[in-house]
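K.L.:
The sequence isn't on hand, but the structure is:
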């Protein structure tokens, strides 16, 4: 495990010739992200509800959505799909950057995420992850052979 993962220390990422300091989220920032997810979900429901011709049915759909969203936990599939969307990813990365870069925009975040440096970092992480899984698989196979 890398030190910054164990200590939740800020990381520095170089992208497009600039250094970006990525900080762990505070409880307030995490709450802001949760609020944004719930608001996005409700906006989506309200936009789709406009297509319902029956006024009473439309009102019931929206009221039910408000009641459901109040009980949502962060692992709710409705919120997970929004969190994993491009807009959710941009919002989350922006929150990680805001403390050290208060003027960061969503356009900056898009440029960072699409930079060659960050793309290479993602690929390295994925390859490292796959390499660890292969080692585990080999160890597991050895254990199975020993048990037989």
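P.N.:
Everything's here; your move. Note that the coordinates shown come from a computational prediction; the quantities given were computed from them, not determined experimentally.

K.L.:
Distance check, the residue nearest to residue 62 when sequence neighbours are not counted against residue 104.
P.N.:
With sequence-adjacent residues excluded and distances taken as Cβ to Cβ, 6 or more residues apart in numbering, residue 62 is closest to residue 49, at 5.2 Å. Using the backbone N, CA and C atoms, a C-beta is placed for each residue, glycine as well. Taking Cβ to Cβ, to the nearest Å as the measure, residue 49 falls 34 Å from residue 104.

K.L.:
The two - which one has more neighbours?
P.N.:
residue 104 (18 against 15; other Cβ atoms under 10 Å).

K.L.:
would the more buried one count as being in a helix?
P.N.:
No - applying DSSP: H, G, I helix; E, B strand; the rest coil, one finds residue 104 to be coil, outside a helix.

K.L.:
And the pLDDT at it?
P.N.:
You'll see residue 104 listed with a pLDDT of 93.

K.L.:
Touching, it and residue 95? I think so.
P.N.:
No - look at residue 104 against residue 95 with Cβ atoms under 8 Å: they stay out of range, at 9.6 Å.

K.L.:
all strands of the protein, in order?
P.N.:
11-15, 18-22 (DSSP state E).

K.L.:
Where does pLDDT dip in this structure?
P.N.:
Residues of the chain meeting the criterion pLDDT under 70: 1-9, 132-148.
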